[in-house]
Every structure is written in C-alpha cells, then in structure tokens.
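Colleague: From the sequence below, what's the structure:
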Amino acid sequence: MLIEINPTHPQPRLVRRVVEALAQGAVIAYPTDTVYGIGCDIFSKSGIERIYQLKDRSRKKPLSFVCADLRDISRYAQVSDAAFRIMKRFLPGPYTFILEATKEVPRIMMSKRRTVGIRVPNHPVCLALVRELMHPIISTSANISSEDPLCHPKEIHDKFGKVLDLVIDGGLLPNQPSTVIDLTGEAPYVVREGKGPVDWLNQSVA
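Modeller: Presented below is the predicted three-dimensional model:
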C-alpha cells in the first residue's frame, strides 16, 4: 500500500496509522534525509527476518536503526563524552554512527563486536514515526543488496509492494547514502563517505 505523507509537516493521523502497523510487526519503506529506508520496529524479530529476506542480505551484516534523539541513543548505545559532543554537533543529520551496544539492543541487531549503527536523520517523517512508536526502527536502504538504492517511492512500491506492508510517499530523494563513522575507537574513523561531510575530522571536536 502506498501512503502519501507530507515530508515537511507529517499529518499526525497518517503517522499514527503507520505506527499502529509498525507496532503489529509491519515492514515499511519511509523517507530519510539521505535515501528511502526499509524498516520495522527493532523489537519485531519477524519483521527483521523479512527485511533480510527481501533485501537478500547476509545475516552477517547487521542492520542500523533510527533513534529519536541523543537521549534515545543513550538507551541503546554506550556513549562516551567525546562521542556525545560529536553527535550533539551533527545530529539530526546524514550520518550513521557506530557505537558499542547496550543490553537493550536485540542480539540480532549487533555485530560480532557488539556494536550497532545508529541514525537520527534530519527528516520530519521518520522522526515523527520513532517518536510516536517510542521504539527505534530499522534503517536500511530500499534496495536488493549490491543494487543501487531506489529513490522514488513509486519505484519502491513497484519492486517491493508485494512484500512491504506500507510504502510512504515522501517525494523524490537523492541517491546519496549516509556517511558512516565509527566512534568506538580513540578517534573517529570514517567507514563510508556519503552525504555527511567529513572535513570536520581534521578539526577539533572538543
């Protein structure tokens, strides 16, 4: 099902409708500040399994998830003072930060190093969803693994409509993924350059 939600002023009624589906284990496609994401409630094991299947993604590759804000992140990840300063400066924004997981995170979401990738996208729709749901949602690009992400909701609906419960139409998005930065070491490490600039790494973040 394709559902159109205003990308700048999400209609509360429609947000609640999507969240009710997520709470029942639905898998959806939704807009972020980078690419369209495919997601479900992180506590929906069946939803997570469906995402791995529809993307043909290896179980050895953990899925990232979206949190509502920095306080929400602290529930699911161990945040050092240095990591907090960095994230406070750049979130919400087009970054995925890798952090050490807390016990709140389902095991299926963790890497072998017990780390997780967390996003707080600067997009009203996905932030409205996680705030209303009060749980993080999975954040993985809307594509088959190894293929380019789809950036138009109608294309996503055509390709995945039979296996997704809902596709949110939030308009056309650029095909530019988030920048992934590992904050588990002594210094930030760029795992993947994307939409978020990294020139600040050469400057003091204190």
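
Colleague: Touching, residue 87 and residue 71? I think so.
Modeller: No: here residue 87 does not reach residue 71: they are 11.2 Å apart, not a contact under Cβ atoms under 8 Å. The way it works is simple: take the backbone N, C-alpha and C, and place the C-beta from them, glycine included.

Colleague: separation between residue 3 and residue 167?
Modeller: Remark: distance between residue 3 and residue 167 (Cβ to Cβ, to the nearest Å) = 7 Å.

Colleague: And those two? Which one has more around it.
Modeller: With other Cβ atoms under 10 Å as the criterion, residue 3 and residue 167 differ in neighbour count, and residue 167 comes out ahead with 25 against 16.

Colleague: The more buried one in helix, strand or coil?
Modeller: At residue 167 the chain is in strand, as set by DSSP: H, G, I helix; E, B strand; the rest coil.

Colleague: picking up where we left off before, looking at residue 87 and residue 71, which has the bigger crowd around it?
Modeller: When residue 87 is set against residue 71 and neighbours are counted by other Cβ under 10 Å, the residue ahead is residue 87, at 24 against 8.

Colleague: That one belongs to a helix?
Modeller: Yes: note on residue 87: a helix contains this position according to three-state DSSP.

Colleague: the strands in this protein, which residues?
Modeller: Counting by DSSP state E, residue ranges of the strands within the chain are 2-4, 28-30, 37-39, 64-66, 77-78, 95-101, 115-119, 137-141, 166-169, 179-182, 189-192.

Colleague: out of these, nearest to residue 127?
Modeller: The stretch from the strands of the chain with the least distance to residue 127 (Cβ to Cβ) is strand 64-66; that distance is 8.0 Å.

Colleague: helices or strands up against the closest one?
Modeller: strand 37-39, strand 115-119, helix 124-133, strand 137-141 (3 or more Cβ pairs under 8 Å, 6 or more residues apart in numbering; DSSP states H and E).

Colleague: Could you rerun that using 6 Å?
Modeller: Packing partners of strand 64-66 (3 or more Cβ pairs under 6 Å, 6 or more residues apart in numbering; DSSP states H and E): strand 115-119, strand 137-141.

Colleague: Mind listing the strands it pairs with, and their directions?
Modeller: According to DSSP bridges, the neighbouring strands of strand 64-66, each with its direction, are strand 115-119 (parallel), strand 137-141 (antiparallel).

Colleague: And for the last one, what's in contact with it?
Modeller: What it means is strand 137-141. Surrounding strand 137-141, the residues in contact under the criterion Cβ atoms under 6 Å, 6 or more residues apart in numbering are 35, 37-40, 63-66, 119, 130, 149.
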